[in-house]
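[1] only geometry, no sequence info:
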C-alpha cells in the first residue's frame, strides 16, 4: 500500500490494520465504494477483499462486526466473525438484515454484561412470551472457565478501584484531589484529598483509628481522630478493601482526616414510577427439600397469585402481579452444613429442583418468575454465581415464564413505549454475616434482625461484598459486585427476615423464608420469620406485606 492510499483511508475516517499494509490496494475502490457509514472503523485484509468484490452492505451492524473481530482476537468466538464475512457477500439487503439480527442475538450470549440501551427482552437468551410489560436482563454473569492466576486478582481489584474512583471523583467534598505519591514526605499542613482502597485498619494506642489507604501510586496512613466525632464514626464503618475518598491535611507521610467519603447512592428526589398499575412480588429462601419446608403455605401463596385465594380486593391485586422475584436458596441443597441430611425429606439435589419446578409450574403463565441462586443452590458458593444450569435443573428450562439469572443480577421490568422501566438489583446476601461480625454499627443495630441496615451499608459502599473475606469470590476482569448502576429496587435474602425500607430513593427488600427454624439457625442466632411477601405497586412505589403463615392474621 502506498502512502497516498493510506492517507485516503485516514481522510475518510478509517484506521488500517497492519495486515493490509503489504497488500496492493486500488485507491479508486477506496474513493468510489468506501463511505464513512459503510463499514467498521478498522479496515483489515478480509474486509477490503469483500469491499473489492462489491459485497459491502450498509444494513450490517458494524459495531457488532468490530466486536466479533475483538472476540476472535481473544480466541473466544472466531465463528461469529467468519459468518459476518460471509454475510458481506449477500445481495439482498432484507436477507442480510435478518441474518445480522440473528448473529447480534448470538453475540449477546457471549459478553458478561449487556448494556440496557442495546439489550432486547430475553429469557435465558430466549424471548419471554406475553409481550408488554417487558423484562430485560441488564447485567448477568456468565461463567468464564479458565485457570485463575495472580494477574486475575490484580485486574479484579484494579477494575473495582477504577469504577468506584470514577464515582467519587464527581463528589464536591473531594477538593484538591491528588494521587498519594504526591503527598508523601510533605512537611507542611496542605489541604488535600485522595481516593484509594483500604489496605489496613487499626486502633492506635491513643484511641484514634488509623486507616492505610492505597492507590496505584502508593500508600498513606490516614488518622481519624477520636475528638472529631463525625470523622471517627465514619471511620468505624470503614471496612477492608473498600474504596473511599478522604479529605484532610497531609504531613510527614500521614494524612489527618477532616472528612471520609463513601461512593454512596445519592438522593433520588424523582424516583421512576410505572404509568400502569403493575405489581412485583418478592420472596427468597424457599428451601424445597427440607423437612421444615412450608410447602402448604407456598402453595397457598401460589393460589393467591392465580387469583384463587384471599379477599376480593386481594384477588384484584393478584391479577396485576406481573413479576415474581425469587432471591436465592430455592432448594435446601445437600451437604451445605454439618448434619443437614437429618433435616432433608428429599436427599437428591436434582429431585429437589424437580419438585421446585413442579410447584412453580402451577403459577399462571402470564406472570414472569425471575430466579437467582444462593448458597444452598447447586452451584459454586463463590460469587458471582452463574445461573442454574440444565445439568441440575433441566425442568426449569421447560417453563417458558421462568428467567434464570446469576447472583447478583440487574433486571429491568415494566418497560413500555414511553417508560424506561424499573431496575431491580438481585443479590442473595452471602456477605451479610461478615459485616454483622465486623462492623460495630451493624452489630449494635441488631442488623441480623434488621437487614435493611445491611442493605443500606452496601449501597453506601456501592459494592455487594467489598471486603476480601466477606464472601468467597472468583476474580474476574470486571468486578461484577460493584453497584455501578443505582437500582430502583434492591432485593436480597439469606437472613430469613422480612424487612422493607427506602434509602435515598432506593426501595430495599429482604425476603422472609418458607422454612421453619432449623437447629443450625438456632446455633447461629438466626430469628426467622415466615411466609411474608412484599408486593410493590410499581405505579405508586407503595409496598403491601402479604402474610401466608397460618399463625398470622391475613
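    Noted; the coordinates are in hand. Just so we're clear, the structure is a prediction, and the values are computed from it rather than from any experiment.
[2] Where is the longest helix in this structure?
    In the chain, ranked by residue count with DSSP state H as the criterion, the top helix is helix 150-168.
[3] and residue 259, how far is that from residue 457?
    19 Å (C-beta to C-beta, to the nearest Å). In short, each C-beta sits where N, CA and C put it, glycine included.
[4] Check residue 198 too.
    15 Å.
[5] what are the ranges of the strands in the stretch 451-554 of the chain?
    Applying DSSP state E, counting those that start in this stretch to the stretch 451-554 of the chain gives strands spanning 489-492, 499-503, 506-510, 532-537, 543-547.
[6] Just put those in JSON lines and tack on mean neighbour count and distance to residue 425.
    As requested, those are exported to JSON lines (neighbours: other C-beta atoms under 10 Å; distance: least, C-beta to C-beta, whole Å):
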{"stretch": "strand 489-492", "mean neighbour count": "28", "distance to residue 425": "5"}
{"stretch": "strand 499-503", "mean neighbour count": "18", "distance to residue 425": "12"}
{"stretch": "strand 506-510", "mean neighbour count": "24", "distance to residue 425": "9"}
{"stretch": "strand 532-537", "mean neighbour count": "22", "distance to residue 425": "14"}
{"stretch": "strand 543-547", "mean neighbour count": "16", "distance to residue 425": "16"}
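[7] quick one, which of those is nearest to residue 451?
    strand 506-510 (3.7 Å; C-beta to C-beta).
[8] any idea how far the closest one is from the chain center?
    15 Å (C-alpha atoms, centre = their mean, to the nearest Å).
[9] Include distance to residue 276 when you put the strands of the stretch 451-554 of the chain into TSV, please.
    Below are the strands of the stretch 451-554 of the chain laid out as TSV (distance: least, C-beta to C-beta, whole Å):
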stretch	distance to residue 276
strand 489-492	17
strand 499-503	22
strand 506-510	18
strand 532-537	10
strand 543-547	17
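[10] count of residues packed around the closest residue in space to residue 321 that isn't next to it in sequence?
    Distance criterion C-beta to C-beta, 6 or more residues apart in numbering; nearest residue to residue 321, sequence neighbours excluded, is residue 279 at 4.4 Å. Neighbour count of residue 279, defined by other C-beta atoms under 10 Å: 22.
[11] What about residue 354, how many residues nearby?
    Quick note: residue 354 (other C-beta under 10 Å) scores 18 neighbours.
[12] Quick check: it is in a strand.
    No: secondary structure of residue 354 (DSSP: H, G, I helix; E, B strand; the rest coil): helix, not part of a strand.
[13] With residue 407 as the reference, measure out to it.
    21 Å.
[14] Would you check that residue 375 makes contact with residue 471?
    No: Residue 375 is not in contact with residue 471 according to C-beta atoms under 8 Å; the separation is 9.2 Å.
[15] so what's in contact with these two at the same time?
    residue 430 (C-beta atoms under 8 Å, 6 or more residues apart in numbering).
[16] Strands of the stretch 101-250 of the chain, start to end?
    Using DSSP E, counting those that start in this stretch, strands in the stretch 101-250 of the chain cover 135-140, 190-203, 209-215, 218-224, 243-251.
[17] can you give me the angle the longest one makes with strand 218-224?
    The reference is to strand 190-203. 80 degrees (axes from the mean of the first three to the mean of the last three C-alpha atoms, to 10 degrees).
[18] Show me what stretch 267-280 is in contact with.
    Against stretch 267-280 from outside (C-beta under 8 Å, 6+ apart): 133, 317, 320-325, 413-414, 416, 418-422, 424, 486, 488-489, 504-506, 535-541.
[19] Can you select the buried ones among the residues you listed for me in ChimeraX?
    The following ChimeraX line selects those of the contacts of stretch 267-280 that are buried, judged by 16 or more other C-beta atoms under 10 Å:
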select :133,317,321,322,323,324,325,413,414,419,421,422,424,486,488,489,505,506,535,536,537,538,541
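[20] Return the subset of the contacts of stretch 267-280 lying in helices.
    Those of the contacts of stretch 267-280 lying in helices (DSSP H): residue 317.
[21] What's the separation between residue 308 and residue 400?
    Counting by C-beta to C-beta, the gap from residue 308 to residue 400 is 21 Å.
[22] Neighbour count: the two, which is higher?
    residue 400 (15 against 12).
[23] from memory the more buried one sits against residue 367, does it?
    No: using C-beta under 8 Å, residue 400 makes no contact with residue 367, being 11.6 Å away.
[24] remind me which residues of the stretch 1-150 of the chain are low pLDDT?
    1, 12-13, 19, 22, 27, 29-42, 44-67, 69-133 (pLDDT under 70).
[25] Can you give me every residue that contacts the most centrally placed residue in the chain?
    Within the chain, one residue has its C-alpha closest to the average C-alpha position: by C-alpha atoms, centre = their mean, that is residue 409, at 3.9 Å. By C-beta under 8 Å, 6+ apart, the contact list for residue 409 reads 137, 139-141, 372, 387, 425-426.
[26] change it to 10 Å
    Residues in contact with residue 409 (C-beta atoms under 10 Å, 6 or more residues apart in numbering) are 137-141, 327, 370-373, 384-385, 387, 403, 424-427, 480.
[27] still on that earlier bit, who's more crowded, residue 259 and residue 457?
    residue 457 (23 against 17).
[28] List the contacts of that one.
    237, 239, 262, 431-432, 435-436, 439, 441-442, 445, 447, 466, 503.
[29] repeat that for 7 Å
    With contacts defined as C-beta atoms under 7 Å, 6 or more residues apart in numbering, the neighbours of residue 457 are 435, 439, 442.
[30] And for residue 502?
    residue 508.
[31] so where is the stretch 251-400 of the chain shaky, pLDDT-wise?
    Residues of the stretch 251-400 of the chain that meet the cut-off, pLDDT under 70, do not exist.
[32] All the helices of it, residue numbers only.
    According to DSSP state H, counting those that start in this stretch, the stretch 251-400 of the chain carries its helices in the segments 295-305, 312-319, 349-360.
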